[in-house]
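*Asks:* Pasting a predicted model and its sequence here:
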Amino acid sequence: MNKDFAFTIKNISLDENYHPSDSTRATTNFANLARGESRQQNLSNTLKMIDNSFNALAYWDNPKGDRYSVELEIISVDMDVAGSGETFPSIEILKTNIVDHKTNIVDHKTNERIEGIVGNNFSSYVRDYDFSILLGEHNKGQSQFSIPDNFGELHGKLFKYFVNSNAYKGHFKKLPVICLSVSDNKTYYRTENQHPVLGYEYQPNESSLTEQYFKKMGLQVRYFMPPNSVAPLAFFFFGDLLNDYSNLELISTISTMETFQKIYRPEIYNANAVAGHCYQPNLSNLDHSLTQIVYDREERSKLAFKQAKFAEEHFIKPYQTVLEQWSANYAL
């Protein structure tokens with residue numbers, strides 16, 4: 001394998017005491033929650049929502065709805081380019097761990113930890129650069145929107161290189177699953193395919209730019225609306241989503257990522273009406289409920305451009321020649 005890049009993987013617990021590091025993107029779901037006066041209450045409420053959602057989906061042998069809790073780890077991936085000794089924060093993802101508070105015959109509590117799924121949330125400065133700077137510069141002065149031929153190529157290859165690296169394989173047993181919101185400019189149609197945990201599958205009327213971008217990362221996508229949910233979620237994965245992961249693993253991703261979506265996109269995921277056979281997500285939907293969790297969506301959108309400039313100044317420009325040569329020669 002190419003020796004120009006070396007990855008360092010660090011992990012930290014996402015709990016009530018979490019404070020974002022200096023290298024964490026401020027728009028990342030968990031980092032955005034952990035800011036301001038309400039940070040600790042935000043985190044506490046979010047973790048309770050995740051646990052409640054998990055137990056509602058994992059209802060078998062769980063009469064009181066309190067058998068499980070979810071522990072979250074933030075996985076930060078730093079990349080050393082060309083042996084420079086300087087690292088760039090390339091990727092941040094989440095890992096779920098499931099705690100089973102099951103009771104044995106003599107009524108003593110035993111806690112079993114079950115490994116969940118890695119991926120879930122996906123954070124990348126290079127993706128910020130691609131969408132906020134590269135795409136904008138390409139369309140500047142153009143009458144019709146278009147996408148550069150190489151859009152997402154470098155990012156996709158870096159991600160695949162990381163997933164196939166010894167660093168990844170040494171830390172994680174299974175390939176990642178990333179879970180995102182549906183697109184508000186697409187229409188989704190419910191199929192007859194129903195999974196006991198993922199729920200009804202939906203099909204979009206056309207491919208989205210996000211789908212195409214993640215495809216360059218080697219990821220397929222399927223859309224499912226889990227039981228108790230009001231809108232489908234987008235699941236990006238390698239391999240076979242329905243058979244490569246256990247029900248509890250899938251529930252850990254659903255409960256975690258739908259909770260984030262209820263906070264950040266309540267118009268879709270905390271709507272008061274459930275998606276029907278033909279579903280058009282609407283961010284202007286007034287018929288929705290708000291969570292008791294404080295965040296600033298306007299600030300969040302403004303920060304994306306700052307993050308894109310950070311990637312440009314600290315990664316794209318300093319290593320442009322190395323990155324272009326590596327990308328041109330990359331073959332998995």
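*Replies:* Perfect, thanks for sending it. Numbering: from 1, shown residues only.
*Asks:* Helices of the stretch 201-332 of the chain, start to end?
*Replies:* 209-215, 241-244, 247-264, 266-269, 297-311, 320-329 (DSSP state H, counting those that start in this stretch).
*Asks:* I'd like to know which of the ones you listed lies nearest to Pro148.
*Replies:* helix 209-215 (11.7 Å; CB to CB). The C-beta positions use only the backbone N, C-alpha and C, and glycine is treated the same way.
*Asks:* would you list the helices of the stretch 201-332 of the chain in TSV and tack on distance to Met49, mean neighbour count and mean pLDDT?
*Replies:* Output for the helices of the stretch 201-332 of the chain, formatted as TSV (distance: least, CB to CB, whole Å; neighbours: other CB atoms under 10 Å; pLDDT from 0 to 100):
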stretch	distance to Met49	mean neighbour count	mean pLDDT
helix 209-215	25	17	95
helix 241-244	24	14	97
helix 247-264	5	24	96
helix 266-269	11	20	96
helix 297-311	18	15	78
helix 320-329	40	13	90
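*Asks:* and of these, who's closest to Ile50?
*Replies:* From the helices of the stretch 201-332 of the chain, taking CB to CB, the stretch that ends up closest is helix 247-264, at 4.8 Å.
*Asks:* who does that closest one touch, helix- and strand-wise?
*Replies:* In terms of contacts (3 or more CB pairs under 8 Å, 6 or more residues apart in numbering; DSSP states H and E), helix 247-264 is packed against helix 29-33, helix 39-57, strand 68-81, strand 87-103, strand 109-123, strand 177-181, strand 233-237, helix 266-269.
*Asks:* mean confidence for the third one?
*Replies:* The average of the pLDDT scores along strand 68-81 is 94.
*Asks:* Flag the shaky bits of the stretch 151-300 of the chain, pLDDT-wise.
*Replies:* 296-300 (pLDDT under 70).
*Asks:* Mind checking what helix or strand follows the host helix or strand of Tyr129 in sequence?
*Replies:* Assignment of secondary structure by DSSP states H and E places Tyr129 within helix 125-129. Counting by DSSP H and E, the next helix or strand C-terminal to helix 125-129 is helix 135-139.
*Asks:* For that following helix, list the C-alpha coordinates in PDB.
*Replies:* Extracted C-alpha coordinates of helix 135-139, given in PDB (Å, rounded to 0.1, in the frame of the first residue of the first chain):
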ATOM      1  CA  LEU A 135     -18.400  23.500  -6.100                       C
ATOM      2  CA  GLY A 136     -19.000  27.300  -5.700                       C
ATOM      3  CA  GLU A 137     -15.900  28.200  -7.700                       C
ATOM      4  CA  HIS A 138     -16.800  25.800 -10.500                       C
ATOM      5  CA  ASN A 139     -20.300  27.400 -10.900                       C
END
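*Asks:* Run the angle between the helix or strand that that helix is followed by and strand 87-103 for me.
*Replies:* Downstream of helix 135-139, the first helix or strand assigned by DSSP H and E is helix 153-163. Angle of helix 153-163 versus strand 87-103, following axes from the mean of the first three to the mean of the last three CA atoms, to 10 degrees, is 50 degrees.
*Asks:* buried set for helix 153-163?
*Replies:* 154-163 (16 or more other CB atoms under 10 Å).
*Asks:* contacting residues for Ile133?
*Replies:* 305, 308-309, 312 (CB atoms under 8 Å, 6 or more residues apart in numbering).
*Asks:* hang on, the earlier thing: so what does the helix holding Tyr129 touch, helix or strand wise?
*Replies:* strand 87-103, helix 153-163, helix 297-311.
*Asks:* okay if I get these as JSON lines plus distance to Tyr319?
*Replies:* Shown next, in JSON lines, are the helices and strands packed on helix 125-129 (distance: least, CB to CB, whole Å):
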{"stretch": "strand 87-103", "distance to Tyr319": "8"}
{"stretch": "helix 153-163", "distance to Tyr319": "10"}
{"stretch": "helix 297-311", "distance to Tyr319": "11"}
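*Asks:* wait, which of these is closest to Asn270?
*Replies:* helix 297-311 (13.7 Å).
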